[in-house]
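Q: Give me the fold of what follows.
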Amino acid sequence: MKLYVIYLFYFFSFSGIAQSNVQNDTIPTNQINLLNSEYKDFVTVKNHIYAISENNNLVAIDLKKESFKLIKNNISAIAKKSNNELVFGSKDGKIFTLYHGKKVKQIEKIDAEIFSILINSKDEYIVYSKKSIYYNKKDYIPKKETNFYGKVRAKYTGTQLIEPDYIFLDKKDFIWFAYDEGEWGGNVCFFDLNKKEFIYEHWLMIDNGGFGEEVKYNDRNEYFTKLKETYPDKIKITETDTIYQYPYQMRISSVTKAATYDNQNNLYVASSGNNYMIYQNRKGFNYFVDGTLTKITKRENNFYKSCSNHSFLVNDKYKEAFNKGIRKRDENLNELRNNILTENEINILGPISFNHYNNKLYMYSSKGYQVVKNLNCNFTEELIFKPYLTCKAHGENDYCTHLNVIKFEFISEKEMLFLTKNNGIGYYNGDTVIYLRSTTK
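A: Sure thing, here's the model as predicted:
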């Protein structure tokens, strides 16, 4: 396994190397090109990255020495305990551990392909597979014809579970399963590890949200009164607010991209999607700005309050033309959009991560990495840097409508690792980005 180093600098765009399918970078970039494979996931232990390649090899990368070694083949999921012990699973259901880089040990086997491994607050591992949620040697399987089976739920006759678009285990030991169904919307389902219960719907609703044909409501107050009577254990009205039992009515979207906690245990959730809602004016310029950031805060006992901001990515220049929604049509609005849109405006919200070293929230979007300010839900963002990234979407001239960064995390105040779709794993040291790839097959 050879190591190749390619130096890529900001002036690439002037030398003719960076083409229209590359997102322009704003900082110098070094690429340690180990060829042949991207990555699907990674965890970090001190100066080592343990990453799963797209061909299911688990490799250990030494950041300081810029070298790597193969750990195990046929691996599909990995997680890390609080003591840095690794737990990883294979496509044929084997579960392994690795501690302090010593010998790999198989500890269990299940009879299904493993999708994900999660670690709860007690440092126990949970396996999500094609068969079940496997926890403490027991299988938990969601009911048929529920949101766990996506838009085919009513017609589904199979026995295999569906891999979610996003999975997350929160500090209250609820597993989130987000299923994005595109123009069909989607759903977020939960599994409560403490009660061993599935939650199939997290929105509290009666009579189709008040839009049903059977019952009509005079106003929102009448509907809410009936809603509270229906769910008295899940809705509480205080002197100053209305709060809800966790995880209900938390404004969580089916197109969730990431969730992260700050140092006060407030939970932030990023979502974006519905790529079909792209507006193009008569001049051929495109507008697509999509992203919602939600903050969930504990109020009392098991009751929480959430707030969301759906338009914080909209530049002031475009608010009058587009804040009412892309689908709204009238002559004056269309004329304003045709005049104001003189270039492509593309900004899609991707993953978020809280930097516990400097107590700041960061996000990635089409514009690059940004620090998020005004965390009272009047979110604003400030650009930190935009990395060199390759866009492989077809039919696009000078922008990407898909996100190339899947997740990122901080390993010090200024150092960050991020997982990309097309450029391997990125390492940012505060000045330069280094991309890592694997040659293993």
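
Q: Show me where the stretch 101-250 of the chain has its strands.
A: With strands called from DSSP state E, counting those that start in this stretch, the stretch 101-250 of the chain shows them at 105-109, 114-119, 125-129, 133-135, 138-140, 166-169, 174-180, 186-192, 197-199, 235-237, 242-245.

Q: So which of those strands is nearest Val372?
A: For the strands of the stretch 101-250 of the chain, proximity to Val372 was assessed by Cβ to Cβ; strand 166-169 is nearest, at 18.6 Å. C-beta here means a position set from N, CA and C on the backbone, and glycine is covered the same way.

Q: follow-up on the earlier one: just put the strands of the stretch 101-250 of the chain in TSV and tack on mean neighbour count and mean pLDDT.
A: Converted to TSV, the strands of the stretch 101-250 of the chain look like this (neighbours: other Cβ atoms under 10 Å; pLDDT from 0 to 100):
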stretch	mean neighbour count	mean pLDDT
strand 105-109	12	97
strand 114-119	20	98
strand 125-129	23	98
strand 133-135	21	98
strand 138-140	13	97
strand 166-169	20	96
strand 174-180	23	91
strand 186-192	21	89
strand 197-199	16	96
strand 235-237	15	96
strand 242-245	18	97
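
Q: what's the closest of those strands to Thr420?
A: Thr420 lies closest, by Cβ to Cβ, to one member of the strands of the stretch 101-250 of the chain: strand 166-169, at 16.8 Å.

Q: Scan this structure for its longest strand.
A: Criterion DSSP state E: the longest strand present in the chain is strand 345-355.

Q: Same list (the strands of the stretch 101-250 of the chain) but as a markdown table, adding distance to Asn359.
A: As requested, those are exported to a markdown table (distance: least, Cβ to Cβ, whole Å):
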| stretch | distance to Asn359 |
| --- | --- |
| strand 105-109 | 37 |
| strand 114-119 | 24 |
| strand 125-129 | 29 |
| strand 133-135 | 33 |
| strand 138-140 | 37 |
| strand 166-169 | 22 |
| strand 174-180 | 25 |
| strand 186-192 | 28 |
| strand 197-199 | 32 |
| strand 235-237 | 30 |
| strand 242-245 | 26 |
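
Q: can you tell me which of these comes nearest to Asn84?
A: Closest among these, using Cβ to Cβ: strand 114-119, at 11.3 Å.

Q: any chance you could map the strands in the stretch 251-400 of the chain?
A: Using DSSP E, counting those that start in this stretch, strands in the stretch 251-400 of the chain cover 256-261, 267-271, 279-280, 286-290, 292-300, 303-309, 345-355, 360-365, 368-373, 380-385, 389-390.

Q: Report the inter-axis angle for the second one versus strand 368-373.
A: Orientation of strand 267-271 against strand 368-373 (axes from the mean of the first three to the mean of the last three Cα atoms, to 10 degrees) gives an angle of 140 degrees.

Q: for strand 267-271, the distance to its chain's centre please.
A: 8 Å (Cα atoms, centre = their mean, to the nearest Å).

Q: Give the rounded mean pLDDT of it.
A: Mean per-residue pLDDT for strand 267-271: 96.

Q: Equivalent analysis for the fourth one, please.
A: Mean pLDDT, strand 286-290: 89.

Q: so what secondary structure elements neighbour that strand?
A: Using 3 or more Cβ pairs under 8 Å, 6 or more residues apart in numbering; DSSP states H and E, the elements in contact with strand 286-290 are strand 279-280, strand 345-355.

Q: For Leu70, give me the pLDDT.
A: pLDDT, read off for Leu70, is 93.

Q: So what pairs up with it in the strands?
A: Beta-bridge partners of Leu70, counted by DSSP bridges, are Val59.

Q: Just the residues contacting stretch 409-416, thanks.
A: 44, 353, 355-358, 362, 369, 408, 417-418, 426-430 (Cβ atoms under 8 Å, 6 or more residues apart in numbering).

Q: at 6 Å what do you get?
A: 44, 353, 355, 357-358, 408, 417, 428-430 (Cβ atoms under 6 Å, 6 or more residues apart in numbering).

Q: What residues sit buried inside that stretch?
A: Within stretch 409-416, the residues that count as buried by 16 or more other Cβ atoms under 10 Å are 409-411, 416.

Q: and what of stretch 421-433?
A: Under 16+ other Cβ under 10 Å, the buried positions of stretch 421-433 are 421, 423-428, 433.

Q: could you give the mean pLDDT of it?
A: On average, stretch 421-433 scores 92.

Q: what's the span of that stretch from first residue to last?
A: For stretch 421-433, the first-to-last residue distance is 16 Å (Cα to Cα, to the nearest Å).

Q: so which of the buried residues of stretch 409-416 comes closest to Glu201?
A: Glu409 (31.1 Å).

Q: beta partners for the closest one?
A: Counting by DSSP bridges, Glu409 is bridged to Leu417.

Q: Could you tell me the per-residue confidence at it?
A: Listed pLDDT for Glu409 reads 97.

Q: Starting from Cys391, give me the distance back to it.
A: To Cys391, Glu409 is 23 Å away according to Cβ to Cβ, to the nearest Å.

Q: same thing with Lys421?
A: From Lys421 across to Cys391, the span is 9 Å (Cβ to Cβ).

Q: try Lys64
A: Lys64 is 31 Å from Cys391, where distance means Cβ to Cβ.

Q: quick revisit: quick one, which of the strands of the stretch 101-250 of the chain is nearest to Lys283?
A: Closest to Lys283 of the strands of the stretch 101-250 of the chain, according to Cβ to Cβ: strand 174-180, at 31.4 Å.

Q: Take the closest one, keep the C-alpha atoms, and write them as PDB.
A: Extracted C-alpha coordinates of strand 174-180, given in PDB (Å, rounded to 0.1, in the frame of the first residue of the first chain):
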ATOM      1  CA  PHE A 174     -34.000   7.400  22.400                       C
ATOM      2  CA  ILE A 175     -32.900   6.200  19.000                       C
ATOM      3  CA  TRP A 176     -34.000   8.400  16.200                       C
ATOM      4  CA  PHE A 177     -34.800   6.900  12.700                       C
ATOM      5  CA  ALA A 178     -35.200   9.500  10.000                       C
ATOM      6  CA  TYR A 179     -36.700   8.400   6.700                       C
ATOM      7  CA  ASP A 180     -36.600  10.900   3.900                       C
END
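
Q: Given that strand, what are its sheet partners and their directions?
A: Strand pairing for strand 174-180, determined by DSSP bridges: strand 166-169 (antiparallel), strand 186-192 (antiparallel).

Q: and these as CSV, adding distance to Ile78?
A: Below are the strands paired with strand 174-180 laid out as CSV (distance: least, Cβ to Cβ, whole Å):
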stretch, distance to Ile78
strand 166-169, 13
strand 186-192, 20
